[in-house]
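> coords below, sequence missing:
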């Protein structure tokens, strides 16, 4: 009984610490160890080593303009932190002084504080992906298309808006010095996970701790990787709240809509605010304005897409109704005549030295071919390694370039260099599906592949089934991908159902 009372007295003495005078804030900052400043030489040394290895090695994880942009963002972030540090410490002291359960400065309280801080960090991070206002304070960190240690420098200059998520930790009564040390430890831990130089670690570590593999998933732009692995130090929160995802295939880094300017730190930091302001100006009323500010980026994207589709529909007038009726009669007569003729033969399979794959769709009687795009010096154009064009079978097999509108909305491709002569290709009409242009291991010739369960499937043909809709927004029922397994040569049909 006496030992219990002794233990309780010892535990009770932890609380009820004296208030901290705001006049001692500078002395408090001096007494608190500046862990980030101490470790900066190590951080820069490791970054330089990784850069040198990348520069002279085969795997290129650095790009000049992007790296320069990361350094400028990091320098700006250090400046902002120095300017706001005193204000943040004063805020922590003020909260501490209001609490009756203030804790004394003891090292063992750091353990509990760090765990609580990491829990709040998880929710701060997760909400930043589902709320556009906070996403604008985080998007700069995801804008890099190469994954290396400099990505850790890409911290938003306005990220201190998210301090609100850590107020619960301060309200627990931890000493401000303990709170500051927990914050610095969390920041330092997250530095080393931004690298491709470290492969997967022991399964136990991969499951419960933040690792380079887990965080590479978080930075991946593939659909399966989006909004996964928010944990900073511990991944247990992701397991509990259903946001965990192991690294299965090579992540494709960057935003789903890349930022064109890779260097300007002001553009990289504030482009989302610019887009938000534009949407607010175009909004219809207060409700939509608040939606554009606080809804999730995914919902806003779908909302804007639906809005564009509605606005694209022509207004029905009397004259237009007459024209539609006349066109409808002509189409009906033409279909009746066509029904009396023999069924059109299957379209021929195009061939060519530089042909990668081709696309056909109903009801078109033509084919879009995708070929390697060479520059005048005979080298592959790294900015646009693929070009598309029509084969007009109804015009005696005439080849015709795609129009600007067709490139942008229908048959064009978006290309991104991944390094080592590998390119990510996405069809403009269906950007969810990444394809990969890379050299075949057998003859070192460029081929087009899709990846299925870690295997490369050689893409030969794409067939798109259209079932209604309009010229601008056709209703795609499904997409068939005719592929070949690179290992055994077996033909595989992969169908992507689009319409319900």
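Arrived safely. Since this is a predicted model, take the numbers as computed values, not measurements.
> thought residue 207 was touching residue 238?
No. In this structure, residue 207 is not within contact of residue 238 by C-beta atoms under 8 Å, at 9.9 Å. The way it works is simple: take the backbone N, C-alpha and C, and place the C-beta from them, glycine included.
> Check what pLDDT the closest residue to residue 295 other than its chain neighbours gets.
In this structure, residue 295 finds its nearest non-sequential neighbour in residue 132, 6.1 Å apart by C-beta to C-beta, 6 or more residues apart in numbering. Listed pLDDT for residue 132 reads 92.
> quick one: residue 132 and residue 300, what's the gap?
6 Å (C-beta to C-beta, to the nearest Å).
> Now the common contact residues for the two.
Shared contacts of residue 132 and residue 300 (C-beta atoms under 8 Å, 6 or more residues apart in numbering): residue 292.
> SS state for residue 456?
Three-state call for residue 456 (DSSP: H, G, I helix; E, B strand; the rest coil): strand.
> who touches stretch 100-116?
So stretch 100-116 is contacted by 13-19, 96, 168-169, 172-175, 177-179, 181-182, 185-186, 233-234 (C-beta under 8 Å, 6+ apart).
> let's go with 6 Å and repeat that
14-15, 17, 96, 169, 173-175, 177-178, 182 (C-beta atoms under 6 Å, 6 or more residues apart in numbering).
> pLDDT of that stretch, averaged?
Per-residue scores along stretch 100-116 average to 91.
> buried stuff in it?
For stretch 100-116, the neighbour count (16 or more other C-beta atoms under 10 Å) marks 102-103, 109-110, 113-114, 116 as buried.
> what do you get for stretch 427-437?
427, 429, 433-437.
> What are the contacting residues of that stretch?
Contacts of stretch 427-437 (C-beta under 6 Å, 6+ apart): 223, 385, 410, 412-413, 423-426, 446, 448-450.
> Apart from its chain neighbours, what residue comes closest to residue 490?
residue 484 (7.0 Å).
> From residue 460, how far off is residue 356?
The value you get for residue 356 to residue 460, if C-beta to C-beta is used, is 9 Å.
> Who has more neighbours out of the two?
The residue with more neighbours, out of residue 356 and residue 460, is residue 356; 23 against 17, by other C-beta atoms under 10 Å.
> Within the sheet, what are the partner strands of the host helix or strand of that one, with directions?
Per DSSP states H and E, residue 356 falls inside strand 355-362. When pairs are called by DSSP bridges, strand 355-362 turns out to pair with strand 367-372 (antiparallel), strand 455-469 (parallel).
> what residue ranges in the stretch 101-250 of the chain are flagged as low confidence?
Along the stretch 101-250 of the chain, no part satisfies pLDDT under 70.
> please redo it, this time with the cut-off set to 90
101-102, 104-108, 160-161, 221-224, 226, 248-250 (pLDDT under 90).
> And the helices in the stretch 1-150 of the chain?
2-12, 25-31, 35-56, 64-98, 109-130, 132-135 (DSSP state H, counting those that start in this stretch).
> Throw those into a markdown table and include distance to residue 266, thanks.
Conversion of the helices of the stretch 1-150 of the chain to a markdown table gives the following (distance: least, C-beta to C-beta, whole Å):
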| stretch | distance to residue 266 |
| --- | --- |
| helix 2-12 | 51 |
| helix 25-31 | 29 |
| helix 35-56 | 23 |
| helix 64-98 | 9 |
| helix 109-130 | 20 |
| helix 132-135 | 18 |
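> sorry, back to before: residue 132 and residue 300 - which one has more neighbours?
Remark: of residue 132 and residue 300, residue 132 carries more neighbours, 24 against 19, as counted by other C-beta under 10 Å.
> separation between the more buried one and residue 142?
14 Å.
> before we move on, what about residue 443?
37 Å.
> Could you check which of those two has the larger neighbour count?
residue 142 (21 against 8).
> Not counting residues beside it along the chain, what's closest to the more buried one?
residue 255 (5.7 Å).
> now residue 161: how far from residue 359?
The value you get for residue 161 to residue 359, if C-beta to C-beta is used, is 45 Å.
> Ok, residue 387 next?
From residue 387 to residue 359 the distance is 13 Å (C-beta to C-beta).
> Please, where are all the helices along the stretch 351-500 of the chain?
Going by DSSP H, counting those that start in this stretch, the stretch 351-500 of the chain shows helices at 404-405.
> Give the single residue among the buried residues of stretch 100-116 positioned nearest to residue 284.
Distance to residue 284, by C-beta to C-beta, is smallest for residue 116 among those, at 42.6 Å.
> Just name the lowest-scoring one in the contacts of stretch 427-437, pLDDT-wise.
Ranking the contacts of stretch 427-437 by pLDDT, residue 410 lands last with 71.
> care to break this protein down by domain?
2-240, 355-497 (automatic domain parsing).
> Name the nearest residue to residue 268, sequence neighbours excluded.
Nearest to residue 268 is residue 140, by C-beta to C-beta, 6+ apart, at 5.0 Å.
> Now do the contacts for the one you found.
154, 156, 268-269.
> repeat that with 10 Å
69-70, 73, 77, 154-159, 255, 259, 265, 267-272 (C-beta atoms under 10 Å, 6 or more residues apart in numbering).
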